[in-house]
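Enquirer: Here is my input, please return the structure:
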Amino acid sequence: METIDNLTFEEFQAFLLIYCAGADLEFKEEEKEIILQFVSEDNFKKILKIYERLNDYDRTQWLIVNKSRIIKSESDKEKLIDNMETIFKSDGHYSAMEQNMMRMVKRFL
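Expert: Below you'll find the model as predicted:
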């Protein structure tokens with residue numbers, strides 16, 4: 001699995017939000033624009049390349065492996081969850097798939 005030696009909170013957040021944006025099997029331009037409100041375009045592009053090289057299982061594992069390096073407080077976790085909800089609700093529809101993804105991600109964060 002691909003790793004980043006000095007992974008930052010923003011890079012982790014970019015990966016997580018890209019992961020969430022694909023929960024309904026679509027990655028819409030409006031979701032990308034929302035992600036770019038939280039992360040720089042350079043980090044978005046860098047992380048998207050890593051994300052696209054991984055399969056679904058490895059994407060989940062990447063998040064699980066890296067969470068302990070990045071999430072240092074309850075505040076960090078709450079910020080990520082709030083931003084995930086923003087992505088999920090961006091199209092005005094919080095689908096069952098997105099709700100299930102939220103429950104799953106909350107468990108391993």
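
Enquirer: residue farthest from the centroid of this structure?
Expert: residue 92 (18.9 Å; C-alpha atoms, centre = their mean).

Enquirer: Count the neighbours of the residue nearest to residue 21 when sequence neighbours are not counted for me.
Expert: Leaving aside its sequence neighbours, residue 21 sits nearest to residue 31 (C-beta to C-beta, 6 or more residues apart in numbering; 4.0 Å). Heads up, the C-betas are built off the backbone N, CA and C, glycines and all. Residue crowding around residue 31 was assessed by other C-beta atoms under 10 Å; the count is 22.

Enquirer: ok so, going back, tell me the SS of the residue farthest from the centre of the chain?
Expert: Following DSSP: H, G, I helix; E, B strand; the rest coil, we place residue 92 in the coil state.

Enquirer: distance of it from residue 5?
Expert: 39 Å (C-beta to C-beta, to the nearest Å).

Enquirer: now do residue 50
Expert: Counting by C-beta to C-beta - residue 50 and residue 5 are separated by 13 Å.

Enquirer: now do residue 27
Expert: 27 Å.

Enquirer: was I right about residue 67 contacting residue 107?
Expert: No. Contact criterion C-beta atoms under 8 Å: residue 67 and residue 107 do not qualify, at 11.2 Å.

Enquirer: neighbour count winner among the two?
Expert: residue 67 (17 against 7).

Enquirer: what helix or strand does that one sit in?
Expert: Following DSSP states H and E, one finds residue 67 within helix 56-70.

Enquirer: Give me the next element, helix or strand, following that helix.
Expert: Heading C-terminal from helix 56-70 (DSSP H and E), you reach helix 74-88.
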